[in-house]
Each structure stands twice: as C-alpha cells, then as structure tokens.
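Peer 1: quick one: sequence plus predicted model below, questions after.
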Amino acid sequence: MNILMPVDGSDYTKRMLAYIAAHDELLGPQHEFTILTVVPLLPAGVTGFLERAMADAYYEDCAQEVLRPIKAFTDQKGWKVQLVSRKGHAAEMVAEFAEKHPTDLIVMGTHGRSLIGNVVLGSVATGVLARTKVPVLLVR
C-alpha cells in the first residue's frame, strides 16, 4: 500500500507517527510511505527583494527542519520512505500530490502548527478532505 503522510513537525505530526509505529499490523514497514511537507509561500512583497537562490534556500531549509527528525524516526523503525517537499497552500498541495502519485491512503494529524490559522482559514485536514477522493485517516 502507498501511504501519504503530510507532516509539519507539530505535536500532531508526532502523534500521527507514534500511532503508525504502534499499529504495525495495519500500517507497518511492509508499506511504502511518502512523507510530504509543504512550506508556505513567502509573501510576494518579500520575494521581490530576494534573489531566487535565496528564496529556494529558505524553502529547502524550512522543509529540512521538518523532514530531518522524521527521517531519523522512520530510519529507526525500518520504514521505506520517500521524503518530498512542496511550496504553496498545504491542503491544495497534499490533494494534488495524492492525485498525481499512486496513493492508497493519506494519514495525517488533525491539526498543525497554527491553531489560530485553523480557526480563521480552516484546517489543512478539512481542506484535504474536501479536495481528495483518497481515503484519509486522521490521527488526533
């Protein structure tokens, strides 16, 4: 089974990974995991003052800050993972990735780093549910 796991490094990401680790019989190492993190785009007013290479380095640094500890965890568990990062709106990028790549299941936390953003903008989990036909397992 191909399992997509959107992550942002929040406590909910850690809970989701712990849930998967505790349920090897359902989601264990026999599956292939894609770990996806989405870095929000810099505001247009900021990118106008940055060289492209600087902006790209910023996006890569943000992605690696999230992915590095997750990679260490998945290596320890012996999971076969692919690490991917995208730039943009998280819910849109997760749904787009699931549509364009073989994905049997999306497993994600119910909340991310910004609870205020979830109240104002709607949560990423809700956005993914609205945009995809792939089954989604939410871990609280």
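Peer 2: That came through fine.
Peer 1: just the element for residue 74, please.
Peer 2: Assigned by DSSP states H and E, residue 74 belongs to helix 52-77.
Peer 1: pLDDT averaged over that helix, what's the number?
Peer 2: Taken as a whole, helix 52-77 carries a mean pLDDT of 95.
Peer 1: what residue of this protein is the furthest out?
Peer 2: residue 49 (28.3 Å; CA atoms, centre = their mean).
Peer 1: so what's that residue scoring on pLDDT?
Peer 2: Looking at residue 49, the pLDDT reads 83.
Peer 1: ok, now residue 80?
Peer 2: We have a pLDDT of 86 for residue 80.
Peer 1: next secondary structure element downstream of the least confident helix or strand in the chain by mean pLDDT?
Peer 2: Least confident helix or strand, the chain: helix 115-121 with a mean of 46, by mean pLDDT, DSSP states H and E. Heading C-terminal from helix 115-121, the first helix or strand you meet, by DSSP H and E, is helix 124-131.
Peer 1: just the CA coordinates of that next one, formatted as PDB?
Peer 2: The C-alpha coordinates for helix 124-131 follow below in PDB (Å, rounded to 0.1, in the frame of the first residue of the first chain):
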ATOM      1  CA  VAL A 124      -5.400  21.600   6.500                       C
ATOM      2  CA  ALA A 125      -7.100  18.300   7.300                       C
ATOM      3  CA  THR A 126     -10.500  19.700   6.400                       C
ATOM      4  CA  GLY A 127      -9.100  21.200   3.200                       C
ATOM      5  CA  VAL A 128      -7.600  17.800   2.200                       C
ATOM      6  CA  LEU A 129     -10.900  16.000   2.900                       C
ATOM      7  CA  ALA A 130     -12.700  18.500   0.700                       C
ATOM      8  CA  ARG A 131     -10.200  18.100  -2.200                       C
END
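Peer 1: how about residues contacting that helix?
Peer 2: Outside helix 124-131, the residues that touch it by CB atoms under 8 Å, 6 or more residues apart in numbering are 6, 8, 89-92, 94-95, 106, 108-112, 118, 136, 138. For the C-beta atoms, the positions are set from N, CA and C on the backbone; glycine is no exception.
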